[in-house]
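[1] what's the 3D shape of this:
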Amino acid sequence: MMSDTTPNDPRSPHVHRVHGAHRAHRPYRSYLFVPADNERLLQSALNKTPDVVILDLEDGVHPSRKVAARAGVAAAITRVEAAGKAAAVRINGALNTAIDDLRAAVSPGLRLLVLPKVEHARDVQLLAGVVDELERAAGLPSGEVRFLLQIESAAALPRLHDIAAASPRVQSMMLGSEDFSLDVGGLPTPQALLAPSLMVLYAARAAGVLPVGFVGSIANLGSIEAFEALLQEARTLGFRGAVVVHPKFVDAINACYTPTAAQITQARAIVAAFDIADRDGLGATKLGDLMIDKPVVLRAKALLIEAGLDPLQQQETTSC
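    Below you'll find the predicted structure:
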C-alpha cells in the first residue's frame, strides 16, 4: 500500500515540517481516559490539566451502560470543549457498535476519535469514510475529526506502516499495553513492551504521524516519580505525549513534553548559529562544544514548534 503522507507531514498538528511549510502549534501532551458514563470522574478531569479528555465508550463502560453513555456523549463533548480541553471519544471495536458510537460522537467540539484494536488499514479507511458522511451531516469542516489508533494485537505488527498511513485523519498511534500483552500471552513489563512499542514508534514516524505512549503498563498506578522516569525514557526514544487512566500523572506528562526556558534558549541559539553558517556557505558550524549540522538544527526547530513557537521568527530575546 502506497502511503499518501511523508515524514513530518504538516497535516498532523503534532509533527511538523521544520524544513519547509510549518505551523507553530503546541501539540497535545497529555490524554486522560474518563468513562463516558461517570459524571464524577468527568468533573474531576475537567478540573485537572489534561490537554485531551478521552470519553471512553469502550472498556471503561459496562455493557449494560453503553446505550446511556452513548446518549450523553455529545453533551459531555460540549463540556470538555467549554473547559478549554480537546474532546476525544474512544469507540468500541465491533463494527456495528462502532457505527452507533460514531453517530453519537461526531458532533461540534469533537477533535479526536480513539480507534481501538486496529489490525488493518482498511479498518481505518472504512471508519474514515463513515466520519466523512457524519461530518457533512453535522455541518463540521471536512477532516476536522482526527484519529488516534490503538495497536493491541500481534496481528497488527506486520501492517503497522500501512495502518499509520491509511488516512489523512490519522493524527497519532499508540500501543495498547494491556490488550497487546494479553494477545501475545505475556505480561506488560517494560522488557516485553519495548520491541512492539518501538515498532509502533517507527511506523508512526515513517508515516508522518505522532507516536504516543511510554514503555510500560497503562494500568500501573504506582508512584509519580517512577512514571516520570518512564516518560523521560519515552521522550528520548521519540514518543510525544502519553495516555493515562489516572489524573495524578497528567502534570508529569505536561512537564515532560513542555520545553524549558533553557531548552528554548539553546534551540534558538542553534538555529541562529546555523543560519549564519548557511549564509556563509557552510554546511556545519560549532556552538560551544556542540557541532551543528542539518539534523541538529532540525531537531532544535522541532523543539521550538513543540513549545508553540515559530522556528523561523527572528529571536528578539534569549529568554522564554
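[2] how close does Ala255 get to Ser107?
    From Ala255 across to Ser107, the span is 32 Å (C-beta to C-beta, to the nearest Å). To be clear about C-beta, it is placed using only N, CA and C from the backbone, and glycine gets the same treatment.
[3] swap in Gly241?
    Counting by C-beta to C-beta - Gly241 and Ser107 are separated by 24 Å.
[4] So those two - more neighbours on which side?
    Shown here are Gly241 and Ser107; by other C-beta atoms under 10 Å, Gly241 has more neighbours (27 against 20).
[5] correct me, but that one touches Ala86?
    No: the pair Gly241 / Ala86 is not scored as a contact, 11.5 Å apart, by C-beta atoms under 8 Å.
[6] Sticking with Asn254, tell me its helix or strand.
    Secondary-structure assignment from DSSP states H and E places Asn254 in helix 250-256.
[7] Tell me which stretches of the stretch 1-150 of the chain form strands.
    For the stretch 1-150 of the chain, strands defined by DSSP state E, counting those that start in this stretch occupy the ranges 30-35, 52-56, 86-90, 110-115, 146-151.
[8] Nearest to Val131, out of these?
    Among the strands of the stretch 1-150 of the chain, strand 110-115 comes nearest to Val131, with 7.1 Å by C-beta to C-beta.
[9] residues in contact with that closest one?
    Contacts of strand 110-115 with the rest of the structure, by C-beta atoms under 8 Å, 6 or more residues apart in numbering, involve 52, 54, 77, 86-91, 102, 105-106, 123-124, 127, 131, 144-150, 171.
[10] Let's see that with 6 Å instead.
    With C-beta atoms under 6 Å, 6 or more residues apart in numbering as the test, strand 110-115 has contacts from Ile54, Ile77, Ala86, Ala87, Ala88, Val89, Arg90, Val145, Arg146, Phe147, Leu148, Leu149.
[11] mind putting those in a markdown table, distance to Val271, pLDDT and neighbour count included?
    Shown next, in a markdown table, are these (distance: C-beta to C-beta, whole Å; pLDDT from 0 to 100; neighbours: other C-beta atoms under 10 Å):
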| residue | distance to Val271 | pLDDT | neighbour count |
| --- | --- | --- | --- |
| Ile54 | 35 | 98 | 28 |
| Ile77 | 39 | 98 | 24 |
| Ala86 | 29 | 97 | 19 |
| Ala87 | 35 | 98 | 25 |
| Ala88 | 33 | 98 | 29 |
| Val89 | 38 | 98 | 29 |
| Arg90 | 38 | 98 | 26 |
| Val145 | 34 | 97 | 25 |
| Arg146 | 29 | 97 | 23 |
| Phe147 | 32 | 98 | 24 |
| Leu148 | 31 | 98 | 25 |
| Leu149 | 33 | 98 | 30 |
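[12] and which of those residues is nearest Leu210?
    Each of these was checked against Leu210 using C-beta to C-beta; the closest is Leu148, at 8.7 Å.
[13] show me what contacts that closest one?
    Residues in contact with Leu148, defined by C-beta under 6 Å, 6+ apart, are Leu112, Val114, Ser172.
[14] I'd like the distance between the last one and Phe239.
    Using C-beta to C-beta, Ser172 is found at 10 Å from Phe239.
[15] what does the first one give?
    For Leu112, the distance to Phe239 under the criterion C-beta to C-beta works out to 17 Å.
[16] Give the burial count for Asn47, as a bare number.
    Asn47 has 9 neighbours, counted by other C-beta under 10 Å.
[17] For it, give me phi and psi.
    Asn47 adopts backbone torsions of phi -90, psi -10, taken as degrees, to the nearest 10.
[18] quick one on the thing from earlier: between Leu112 and Phe239, which has more neighbouring residues?
    Between Leu112 and Phe239, counted using other C-beta under 10 Å, the more crowded position is Phe239 (25 against 21).
[19] Let me see the contact set for the residue of the chain positioned farthest from its centre.
    Computed with C-alpha atoms, centre = their mean, the residue of the chain farthest from its C-alpha average is Asp280, at 38.7 Å. Not one residue lies near Asp280 by C-beta under 6 Å, 6+ apart.
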